[in-house]
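Asks: Quick one, fold the following:
(one chain, ligands or ions: 1)
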Amino acid sequence: MNDLIPIVNKLQDVFSTIGSDTVDLPQIIVVGSQSSGKSSVLENIVQRDFLPRGNGIVTRRPLVLQLVNIQASEDSKPVEYGEFLHTSDQKFTDFSEIRKEIEAETARVAGQNKGISRSPIHLKIFSPNVLNLTLVDLPGLTKIPIGDQPTDIEKQTRSLQNIQNKCSIILAVSPANVDLVNSESLKLAKQVDSEGKRTIGVLTKLDLMDAGTNALEVLTGRVIPLKLGFIGVVNRSQQDIIGNKPMTEALKAESEFFKRHSAYRSIASRCGTPFLTKILNHILMNHIRERLPDMKARINSLISQTTQELLSYGDPVLDEKTNKGALVLKLITKFSNDFVSSIDGTALDISTKELCGGARIYYIFNNIFGAALESISPCGNLSVQDIRTAIRNSTGPRPSLFVPEIAFDLLVKPQILLLEQPSLRCVELVHEELTKICHSSGNQELGRYPRLHAKLVEVVSDLLRERLNPTSSYVESLISIQRAYVNTNHPDFIGGAGAMSDLVRKSEKKRREFEKLNRRANMGGNMTHISPLSGPSISSKDESQDGSPLSDKESSGSKDLGLQNGISNNAWAQRESFLTYFFGAGNKSDRTILPDQPLPNRNGTSAKTGIDMGELERKLDNGAIVDDAIHLTDREEMEIQLIRSLITSYFNLVRKTIQDLVPKAIMHLLVNYSRESVQNRLVSELYKEELFVDLLQEDENLASRRQNCKTMLDVYRKAFEIMNEAM
Ligand SMILES: Nc1nc2c(ncn2[C@@H]2O[C@H](COP(=O)(O)OP(=O)(O)OP(=O)(O)O)[C@@H](O)[C@H]2O)c(=O)[nH]1
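Replies: Below is the predicted model of the structure:
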């Protein structure tokens, strides 16, 4: 426990191998503005010339200087030497060589032109003339960039002053010939050590103060209260350096200066470099003693953290002993189990934040696909014109007796086709979902083996892709099947008679309402006669905004919109019952010019209607729908209503079937198939001896992280041993 400084030196050496500052070591850090005399102080402490000197910024990399006291040799010959960490065991007995090595090493990392670097140079000096000390000389605080220095040189040099570390003692060097208020080092020290507990002030250049002035007040702690006090020193002047004034003489001169100076005489024993060295040694020893238990605890916890981290990386796999086949098989099984359990919703790490895996497939079926089908309007895209044209085309040259079945067939099939696109999209969405599940399967274990993971994903993606086409084709044929045969015998289909009686029922109701209104109007003495004739009739202009005269949800003719807009009321005024009207031959109540009227003669306008014959022919030649038909005949209105009612009913039952069958098909052909064959497929594709080495290639980052971790652990263990020896 007597000398703890070598312990810190050893720790410093050990930690320098990992370049880590995870453990704050007790050290003395020399801070000061440029040319304040930092290097001179260090040289005085070592009592040797060994630091680079020159104009401007000379110290450009931190210098960790470990002073080790050794016994003088028996013949009293000097045995002083220096050793750099970067030159391993090379002993530098010539101190001018040490200077050159510092210069070369600085230039190697920080460049030739005044640039700075935070990577430290470690130098050990063994000498009988030094006390054990660890000092760090830092690049001086610089304000204006020169040479290769970056524009933020001030910020950089400040950040280099690693004095936040509570373990460091700050040796704040200030020249006495400059007002102390402007001392950069003291300002900096104050920022991190406001109570002045770990700052020791050094006043240089006392010999350069103006005649008649002195720094006694400062040195006796009456100006700035630092707990560790201020110590005055006198270093060699530039002139002394140029003249190669020996260090021993310089130290003697320094001692004389204090003894002779009228102001400092009384405190001469507490001034000068020897006193500074002694104090620093003492302070550092105490400081280390204080910090040691904390350091030990810190290193202990670092050891357990790093051990944990190392364990998390696992052992390297590719040694001879590893059973690679068993490992590949285990990882394949884990991956496919993950895939399956994600689909089944039995995974252990199920998210509570968002839908995942199988639940998303359910969501696709019910919410996305279901909603898409529901949003299709059975007759939304069929205009009155379309329906009427279809009816006419399907009856050929004769007027129909009954509602033409062919027209219904003709119209309903394209409507069924509307179900195809959402059904195929549903297949795609489930396929995408399965691909996502596959990407997130086995992530934890397989993070170590990126190649194996990539291969597993590739094989499963291929499997899913293979299943995509058959599933889509099957779904397509489900729609084709529905279109192939329109089963008007389906028990859920309203049928012709059903649709008709529905219409009759509603029309009756409507008629009764009109009668009621008329009666009320007559009773009230109101002479206005509400005639059913005044009601609107279906025309292309009557269509609702989406082009449909009927609501989307019009189901089996259950809505009355068709009647309100559809059946012209004069039908009721002129006929006793709808059925007699519909099946009767009489259809003479046309309210507009219609093509089933007698065609006008070829050479001019029709005598009866005045219609332009040429215009009609042109339309016919252009394939235009036969007339502009703003108004429909009553019979046409009825037919259109009926057809709409039939299409809606039939479409609804097909939609229900598709809504039921598509998810079943997808589950069977895509989801369950891949779920059941994933393991086999993976084994047959990847469980091949010749692939094992490649598949089990570790992630390079992980391997290097493991190596780093091992190195750190070794260092921490070594540091722990060193400290155990000390305590
Ligand atoms: N007269 C006299 N000159 C001194 C004293 N201390 C330092 N000097 C001179 O001041 C100049 C700068 O001293 P350095 O020790 O190189 O200063 P530094 O703080 O290490 O400089 P950088 O490393 O460049 O930041 C040199 O010429 C020294 O000789 C002193 O106490 N008295």
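Asks: Spatially nearest residue to S35, not counting backbone neighbours?
Replies: G140 (7.1 Å; CB to CB, 6 or more residues apart in numbering). C-betas here are computed from N, CA, C, even on glycine.
Asks: Count the residues that sit near the one you found.
Replies: 25 (other CB atoms under 10 Å).
Asks: Mean confidence (pLDDT) on the helix or strand where T307 lies, please.
Replies: In this assignment (DSSP states H and E), T307 forms part of helix 273-313. For helix 273-313, mean pLDDT is 86.
Asks: Would you tell me what the next helix or strand after that helix is?
Replies: helix 324-344.
Asks: ok, back up a step: so the residue nearest to S35 versus A172, what's the distance?
Replies: Applying CB to CB, to the nearest Å, the value for G140 to A172 is 12 Å.
Asks: Let's see the pLDDT reported for the residue nearest the centre of the chain.
Replies: The C-alpha lying nearest the average C-alpha coordinate of the chain belongs to S440 (CA atoms, centre = their mean; 15.4 Å). On pLDDT, S440 comes in at 86.
Asks: cool, the one 4 residues further on as well?
Replies: Predicted confidence (pLDDT) at Q444: the value is 71.
Asks: do the helix holding T307 and the ligand meet at all?
Replies: No. Helix 273-313 does not reach the ligand (CB under 6 Å from any ligand atom); its nearest approach is 10.0 Å.
Asks: what's in contact with stretch 96-107?
Replies: Stretch 96-107 is contacted from outside by 49-52, 60-61, 63, 82, 84, 86-87, 92, 117, 121, 123, using CB atoms under 8 Å, 6 or more residues apart in numbering.
Asks: Need the buried ones from the residues you listed selected in ChimeraX.
Replies: Listed next is the ChimeraX selection for buried residues among those, using 16 or more other CB atoms under 10 Å:
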select :49,50,51,52,60,61,63,82,84,92,117,121,123
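Asks: Taking the contacts of stretch 96-107, tell me the two that lie furthest apart.
Replies: Farthest pair in these (CB to CB) is D49 and S117. Separation: 23.8 Å.
Asks: which bits of the stretch 51-200 of the chain sit near the ligand?
Replies: So far as CB under 6 Å from any ligand atom goes, the stretch 51-200 of the chain lies against the ligand at 53, 57-59, 140.
Asks: What about those residues, which one has the most neighbours?
Replies: G140 (25 neighbours).
Asks: Look up how far S33 lies from that residue.
Replies: G140 is 6 Å from S33, by CB to CB.
Asks: One more: H668?
Replies: In terms of CB to CB, H668 sits 81 Å off from S33.
Asks: can you tell me how far the closest residue to the ligand within the stretch 251-400 of the chain sits from F92?
Replies: Nearest residue of the stretch 251-400 of the chain to the ligand (CB to the nearest ligand atom) works out as E254 at 8.3 Å. Per CB to CB, E254 is found 26 Å from F92.
Asks: element containing whichever residue of the stretch 451-600 of the chain sits closest to the ligand, please.
Replies: Residue of the stretch 451-600 of the chain nearest the ligand, by CB to the nearest ligand atom: R451 (52.9 Å). Taking DSSP H and E as the definition, R451 sits inside helix 450-484.
Asks: do A521 as well
Replies: helix 495-523.
Asks: same question, G212
Replies: Short version: G212 belongs to no helix or strand, going by DSSP H and E.
Asks: now do I169
Replies: strand 168-175.
Asks: quick one: that strand to chain centroid distance?
Replies: Chain-centre distance of strand 168-175: 46 Å, with CA atoms, centre = their mean, to the nearest Å.
Asks: Parallel or antiparallel, list what pairs with that strand.
Replies: strand 27-31 (parallel), strand 199-204 (parallel) (DSSP bridges).
Asks: Can you add mean neighbour count and give those back as CSV?
Replies: Below are the strands paired with strand 168-175 laid out as CSV (neighbours: other CB atoms under 10 Å):
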stretch, mean neighbour count
strand 27-31, 25
strand 199-204, 24
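Asks: rank those by pLDDT, which is bottom?
Replies: strand 27-31 (a mean of 86).
Asks: Give the next helix or strand downstream of that one.
Replies: Assigned by DSSP H and E, the successor of strand 27-31 is helix 38-46.
Asks: coming back round to it: the residue of the stretch 451-600 of the chain closest to the ligand contacts V693, doesn't it?
Replies: No. With contact defined as CB atoms under 8 Å, R451 does not reach V693; the gap is 10.0 Å.
Asks: hang on, the earlier thing: relative to helix 38-46, how tilted is the helix holding T307?
Replies: Going by axes from the mean of the first three to the mean of the last three CA atoms, to 10 degrees, helix 273-313 is angled at 100 degrees with respect to helix 38-46.
Asks: hang on, the earlier thing: now the strand holding I169: average pLDDT?
Replies: 89.
Asks: From the chain's centroid, how far away is the helix or strand following it?
Replies: Using DSSP H and E, the helix or strand that directly follows strand 168-175 along the chain is helix 184-192. Relative to the centre of its chain, helix 184-192 is centred 41 Å away, using CA atoms, centre = their mean.
Asks: Report the buried residues of stretch 104-114.
Replies: 105-106, 109-110, 114.
Asks: now swap in stretch 170-183 and tell me
Replies: Those would be 170-176, 180, 183, for stretch 170-183 by 16+ other CB under 10 Å.
Asks: farthest-separated two in those?
Replies: I170 and A176 (18.2 Å).
Asks: Can you get me the start-to-end distance on stretch 225-239?
Replies: Taking CA to CA, to the nearest Å, stretch 225-239 runs 34 Å from one end to the other.
Asks: And for stretch 684-697?
Replies: 20 Å.
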